[in-house]
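Enquirer: For reference, the sequence and a predicted model appear below.
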Amino acid sequence: MCMTKFSCPTCGHGYQDELEVLDEGEMHDFKCENCSNPFHVLIKECLKCTADTVFVWREKPTWEAVSILACSSCGTSYSPPDDLQDEQL
């Protein structure tokens, strides 16, 4: 897995997960250090092409929104993360 990069959806402030501490398939809640707005990040690895895709939302997405995500590299659909299936996002 390569270093994950993403930006605050409000102000565009960039972040890098250089140490790869963000778990794949787990919703991560952030508060931007630049604009103080909250946002949410989900990292998924494609089972078909092994590419990582980073999804970022201003507001916590619904289970339905997460269930329709697809790989940005090959377009393969993801199934919802196991730990998110049984809880309301």
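Expert: Perfect, I can see it now.
Enquirer: Helices along this structure, start to end?
Expert: For the chain, the helices defined by DSSP state H occupy 63-67, 82-85.
Enquirer: ok, the closest residue to Leu69 other than its chain neighbours to Cys46 distance?
Expert: Spatially, and ignoring its direct neighbours in sequence, Leu69 is nearest to Tyr78 (4.9 Å; C-beta to C-beta, 6 or more residues apart in numbering). (C-beta placed from N, C-alpha, C; glycine too.) Plainly put, Tyr78 is 7 Å away from Cys46 if you go by C-beta to C-beta, to the nearest Å.
Enquirer: Mutual contacts of these two, please.
Expert: Taking C-beta atoms under 8 Å, 6 or more residues apart in numbering as the contact rule, Tyr78 and Cys46 both touch Cys71.
Enquirer: returning to what we had before: which one of the helices of the chain has the poorest average confidence?
Expert: Mean pLDDT is lowest for helix 82-85 among those, at a mean of 52.
Enquirer: so where's this structure shaky on pLDDT?
Expert: For the chain, the stretches with pLDDT under 70 are 1-2, 80-89.
Enquirer: can you tell me which residues contact the residue nearest to Leu69?
Expert: By C-beta under 8 Å, 6+ apart, the residues touching Tyr78 are 44, 46, 69-71.
Enquirer: Buried ones among these?
Expert: 44, 46, 69, 71 (16 or more other C-beta atoms under 10 Å).
Enquirer: Taking these together, which two end up most distant?
Expert: Cys46 and Leu69 (10.5 Å; C-beta to C-beta).
Enquirer: Next, show the common contact partners of those two.
Expert: Residues within reach of Cys46 and of Leu69 at once, by C-beta under 8 Å, 6+ apart, are 53, 78.
Enquirer: what about Gly12, distance to Arg58?
Expert: Gly12 is 12 Å from Arg58, where distance means C-beta to C-beta.
Enquirer: beta partners for the residue nearest to Asp23 when sequence neighbours are not counted?
Expert: In space, and not counting its chain neighbours, Asp23 is closest to Ile43: 7.7 Å by C-beta to C-beta, 6+ apart. Listed by DSSP bridges, the beta-bridge partners for Ile43 are Val54.
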